[in-house]
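**Q** starting from these lines, generate the structure:
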Amino acid sequence: QAYEDALRQNFGWSVDDYKRVVKQQLLEQNVISTLDQATHKRAAAALAELNGGADFAGVASKYSDDTTGKANGGLFPVSVSLSDRDVSPLVTAALFKLQAGQFSGIINTGYSLQIVKNIQVDSDGKIKAAHIDFNFLPISSYINALQAKQPAHKYIKP
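**A** Numbers count the residues shown, from 1 in each chain. Next comes the predicted model:
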């Protein structure tokens, strides 16, 4: 009941409204991921270099779309905890499955693709980590071209 009250008070939404918004966001993420094959190819190229023995920091500097990460070899600014809210839960879960020195495969967070590396586990259980971030193109880059070719039909005149 508290959940429903919070949705209603903060957003004016019912639970059904919230579910509809989340479904729409998940669909949009899936469509973008499917359409943006160039980003998938860049991530695959970076992973291939890592698997070939390339230095993670060098690959991050070469490929990452995160400007801060690109400049510092992909290092996260602070160690990552299991309950870290600043890092995608998918990324956090992958990091905590890795041993120190290991890197992941390609992780689709819905908003971007990521490759992460567990650099070391701190004494407090947090992980010093690095990542390579590959941002998806905005959906408008695909939709605008389609809308220009085939404009929407208006059935009700203002």
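
**Q** beyond the longest helix along the chain, next helix or strand please.
**A** Counting residues, the longest helix found in the chain (DSSP state H) is helix 15-35. Next along the chain after helix 15-35, taking DSSP states H and E as the criterion, comes helix 37-51.

**Q** how near is the nearest residue to residue 137 once chain neighbours are set aside to residue 101?
**A** Distances taken as C-beta to C-beta, 6 or more residues apart in numbering place residue 36 nearest to residue 137, at 5.2 Å, with adjacent residues excluded. All C-beta atoms are positioned from the backbone trio N, CA, C, and that covers glycine. Distance of residue 36 to residue 101, given as C-beta to C-beta, to the nearest Å: 31 Å.

**Q** quick one on the thing from earlier: give me the distance between the longest helix of the chain and the centre of its chain.
**A** 15 Å (C-alpha atoms, centre = their mean, to the nearest Å).

**Q** one more: stretch 68-78?
**A** 16 Å.
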